[in-house]
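Chemist: Generate a structure from the sequence data that follows.
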Amino acid sequence: QVQLVESGGGLVQPGGSLRLSCAASGFSRPYYAIGWFRQAPGKEREGVSCITSSDSSTYQADSVKGRFTISRDGAKRTVYLQMNSLKPEDTAVYYCAIYIGFIERMKTCDYEMDYWGKGTLVTVSS
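Modeler: Just a heads-up that it's a prediction; the model follows:
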């Protein structure tokens with residue numbers, strides 16, 4: 001059974017940094033994409049950043065470009081989201097999700113993801 005376990009959320013002051021981790025397990029197919037999504041109260045879910053296993057290409061939403069960086073450790077099947085220069089508007093529950101299949105190049109997070117993690121809360125506040 002596919003499992004996604006997120007960690008790394010918490011409370012941080014504006015301008016601070018956090019690193020989220022998403023450890024994936026329970027599947028053996030070599031090609032997949034993992035993405036980070038977030039949902040703030042009263043807002044729609046947003047695809048923040050995604051990465052594919054085929055060529056490690058990435059996508060970042062305009063709202064986080066230059067501040068967030070997604071990376072992966074293929075051997076551990078773990079994806080990281082380094083979040084710098086955090087703003088109060090980054091406050092949300094962050095979910096990781098996986099699409100199991102081949103994506104040649106990551107140009108969007110807009111895929112029908114197969115499995116979702118339970119989420120981790122990120123709060124940016126002074």
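
Chemist: To what extent is the nearest residue to residue 96 once chain neighbours are set aside buried, counted in neighbours?
Modeler: The spatially closest residue to residue 96, leaving aside those adjacent along the chain, is residue 22, at 3.5 Å (CB to CB, 6 or more residues apart in numbering). For the C-beta atoms, the positions are set from N, CA and C on the backbone; glycine is no exception. Using other CB atoms under 10 Å, residue 22 has 26 other residues around it.

Chemist: Distance of residue 16 relative to residue 87?
Modeler: Distance of residue 16 to residue 87, given as CB to CB, to the nearest Å: 10 Å.

Chemist: right, and residue 108 touches residue 52 too?
Modeler: No: counting by CB atoms under 8 Å, residue 108 stays clear of residue 52, with 10.9 Å between them.

Chemist: Show me which of those two is the more surrounded one.
Modeler: residue 52 (24 against 11).

Chemist: so what's the more buried one bridging to?
Modeler: Note on residue 52: beta-bridge partners by DSSP bridges are residue 33.

Chemist: Who's the closest spatial neighbour of residue 107, skipping the chain neighbours?
Modeler: residue 59 is the one closest to residue 107 (CB to CB, 6+ apart), at 6.0 Å.

Chemist: distance of the one you found from residue 10?
Modeler: For residue 59 relative to residue 10 (CB to CB), the value is 25 Å.

Chemist: for residue 117, same thing?
Modeler: 16 Å.

Chemist: Those two: who's more crowded?
Modeler: Set residue 117 next to residue 10 and count neighbours by other CB under 10 Å: residue 117 wins out with 21 against 12.

Chemist: quick one: the more buried one and residue 20 touch, right?
Modeler: No: here residue 117 does not reach residue 20: they are 10.1 Å apart, not a contact under CB under 8 Å.

Chemist: Need the residues touching each of the two.
Modeler: 6, 96 (CB atoms under 8 Å, 6 or more residues apart in numbering).

Chemist: Give me the phi and psi angles of the nearest residue to residue 18 once chain neighbours are set aside.
Modeler: The shortest distance from residue 18 to any non-neighbouring residue, by CB to CB, 6+ apart, is to residue 83 (5.0 Å). Main-chain dihedrals, residue 83, degrees, to the nearest 10: phi -120, psi 110.
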